[in-house]
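A.B. asks: Quick one: sequence plus predicted model below, questions after.
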Amino acid sequence: MLRRTVAEFQDDELADRAAALTYYGVLALFPGLLVLVSLLGVAGESTTRRGLESIKKMAPGPARDVVTSAVEGVQGVGGVGSLLAVVGVLAALWSASGYVGAFIRSSNAVYDMPEGRPVWKVLPVRVGITVALVVMAVGSALIVVFTGDLARRAGSLLGIGDTALTVWSIAKWPVLLLLVIGMIALLFWAAPNTKGPGFRWVTPGSFLALVIWLLASAGFAVYVANFGSYNKTYGALAGVVVFLVWLWISNIAILLGLEFDAELARERAVVGGHPVDEEPYVEPRDTRSWPDEEKPG
C-alpha cells in the first residue's frame with residue numbers, strides 16, 4: 001500500500017502541487033500575523049514577548065527568525081490595532097481561500113476525480129473551509145502564546161490562582177494537536193469532489209500525514225541545526241529559504257496522507273468489483289459540471 005501510495009504521489013506530481021500550496025500558505029501567513037498581533041496588543045507587550053519566545057522554541061531552525069521578525073515588524077506599527085485586525089482578517093481570508101482552492105484541485109487530482117461541482121456550489125465550500133481553517137489557525141496561534149500572565153489572570157478570575165497556569169501548561173498541547181487534526185480532517189473531507197463515509201476526525205491517511213509531518217519537521221530541524229549550509233549558500237535569505245522548505249515538507253506530508261486514503265479507497269473499490277484500471281474509482285459528489293458524455297448513465 002505504501003509503495004503504491006508513493007508511486008501515485010509521483011504520478012500525480014504532488015511535490016509540485018505542494019510547492020503551489022506553500023506559495024498560497026506564505027501569502028496567508030503575514031495577514032494572519034496582523035490578526036494575531038492585533039489580538040495580542042490587547043494583552044500587552046509582555047504577552048507578545050512570551051509568545052515570541054514560544055515560537056522560537058517551536059519553529060525549526062532559522063525559520064523561527066522569519067516568523068519572529070514579521071511579528072516584531074507588525075508590532076512596531078502602533079496606534080492602528082483595530083484597523084490592522086480588519087485588514088488582516090480580510091487579507092488572510094482572501095489568501096487562505098487561494099490555498100483552499102489549490103488544495104481542492106490537488107485533492108481531485110489525487111482521487112482522479114474531475115471537478116463536477118458548479119461554481120455556485122464550490123465557492124461556498126471554499127469560503128466555508130477557509131473561514132474554519134482561519135479560525136482554527138488563529139486559535140492554534142493563541143494557544144501557543146496564551147501562557148504566563150494570561151493563564152494566571154484567567155486563574156484569578158476563576159478563583160483557582162496559579163493552578164490554572166499548571167493545568168494550561170499541560171492541557172494546551174493536546175488542544176493544539178486537536179486543532180491541527182481538525183484542520184487536516186476538514187480538508188480531507190470537504191475538499192475533494194468525492195462521496196465518502198462522512199466526516200472523520202482521524203483517517204489512516206491523516207494519521208500518517210501527522211506522523212510524517214512531526215518526524216520530518218524534527219528531522220529537518222536537526223539537519224538545519226547540525227548539517228545544513230543554508231547560511232553559506234543563501235546568506236541573509238537563509239531563514240526565508242528554510243521556512244519555505246519546511247512549509248513545503250509540511251504540505252508534502254499532508255498530500256501524501258491524502259494519497260494514502262485515496263489508495264485505500266481504490267483498494268476497497270477493486271475488492272468490491274470495480275475494474276482495476278477504471279477511473280474514477282469512488283462516487284462523485286456532483287457531476288453537473290462534467291460534459292454530458294462523461295456523466296454516468
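C.D. replies: Cool, the structure landed.
A.B. asks: And the helices in this protein, which stretches?
C.D. replies: 2-11, 14-43, 45-58, 63-75, 81-110, 119-145, 149-158, 163-190, 204-226, 230-234, 238-271 (DSSP state H).
A.B. asks: what's in contact with stretch 173-185?
C.D. replies: By C-beta atoms under 8 Å, 6 or more residues apart in numbering, the list of residues contacting stretch 173-185 from outside reads 133, 136-137, 139-140, 143-144, 199-203, 206, 209-210, 254, 257. C-betas here are computed from N, CA, C, even on glycine.
A.B. asks: One more: stretch 272-291?
C.D. replies: For stretch 272-291, contacts defined as C-beta under 8 Å, 6+ apart pick out 111-118, 121, 193-196, 265-266, 269-270, 294-296.
A.B. asks: With stretch 192-206 instead?
C.D. replies: Outside stretch 192-206, the residues within contact range by C-beta under 8 Å, 6+ apart are 104, 107-108, 110-111, 113-117, 181-182, 184-186, 188-189, 257-262, 264-265, 280, 282-286.
A.B. asks: give me that answer again for 7 Å
C.D. replies: 107-108, 111, 113, 115-117, 181, 184-185, 188-189, 257-258, 260-261, 264, 282-286 (C-beta atoms under 7 Å, 6 or more residues apart in numbering).
A.B. asks: Show me which of the residues you listed are buried.
C.D. replies: Buried members of the contacts of stretch 192-206, counted by 16 or more other C-beta atoms under 10 Å: 107-108, 111, 113, 115-117, 181, 184-185, 188-189, 257-258, 260-261, 282, 284-285.
A.B. asks: which stretches of the stretch 1-150 of the chain aren't confidently modelled?
C.D. replies: Low-confidence segments of the stretch 1-150 of the chain, defined by pLDDT under 70: 30-89, 91-92, 144-150.
A.B. asks: OK, contacts around residue 24?
C.D. replies: Contacts of residue 24 (C-beta under 7 Å, 6+ apart): 95, 98, 99, 102.
A.B. asks: Now for the nearest residue to it once chain neighbours are set aside: which residues touch it?
C.D. replies: Spatial nearest neighbour of residue 24, chain neighbours left out: residue 99 (3.8 Å); criterion: C-beta to C-beta, 6 or more residues apart in numbering. Residue 99 makes contact with 21, 24, 25, 28 under the criterion C-beta under 7 Å, 6+ apart.
A.B. asks: wait, which of the residues you listed is closest to residue 245?
C.D. replies: Nearest to residue 245 among those, counting by C-beta to C-beta, is residue 25 at 12.5 Å.
A.B. asks: okay, now that closest one: neighbour count?
C.D. replies: 21 (other C-beta atoms under 10 Å).
A.B. asks: Could you pull out the buried residues of stretch 264-279?
C.D. replies: 265, 266, 269, 274.
A.B. asks: I'd like the distance between residue 104 and residue 286.
C.D. replies: 13 Å (C-beta to C-beta, to the nearest Å).
A.B. asks: just checking, residue 209 touches residue 253?
C.D. replies: Yes - counting by C-beta atoms under 7 Å, residue 209 touches residue 253, with 5.0 Å between them.
A.B. asks: Any chance of JSON lines for the buried residues of stretch 264-279, columns pLDDT and distance to residue 238?
C.D. replies: Output for those, formatted as JSON lines (pLDDT from 0 to 100; distance: C-beta to C-beta, whole Å):
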{"residue": "265", "pLDDT": "91", "distance to residue 238": "41"}
{"residue": "266", "pLDDT": "90", "distance to residue 238": "41"}
{"residue": "269", "pLDDT": "87", "distance to residue 238": "46"}
{"residue": "274", "pLDDT": "79", "distance to residue 238": "49"}
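A.B. asks: Spell out which two among these are the most distant pair, please.
C.D. replies: Distance extremes for these: the farthest pair is 265 and 274 at 10.1 Å, using C-beta to C-beta.
A.B. asks: how far away is residue 276 from residue 7?
C.D. replies: In terms of C-beta to C-beta, residue 276 sits 14 Å off from residue 7.
A.B. asks: So what's the residue count around residue 262?
C.D. replies: 28.
A.B. asks: mind checking how far the spatially closest residue to residue 245 that is not a sequence neighbour is from residue 266?
C.D. replies: Of all residues not flanking residue 245 in the chain, residue 220 sits nearest, at 7.2 Å (C-beta to C-beta, 6+ apart). Remark: distance between residue 220 and residue 266 (C-beta to C-beta) = 30 Å.
A.B. asks: Fine by me, we can end here.
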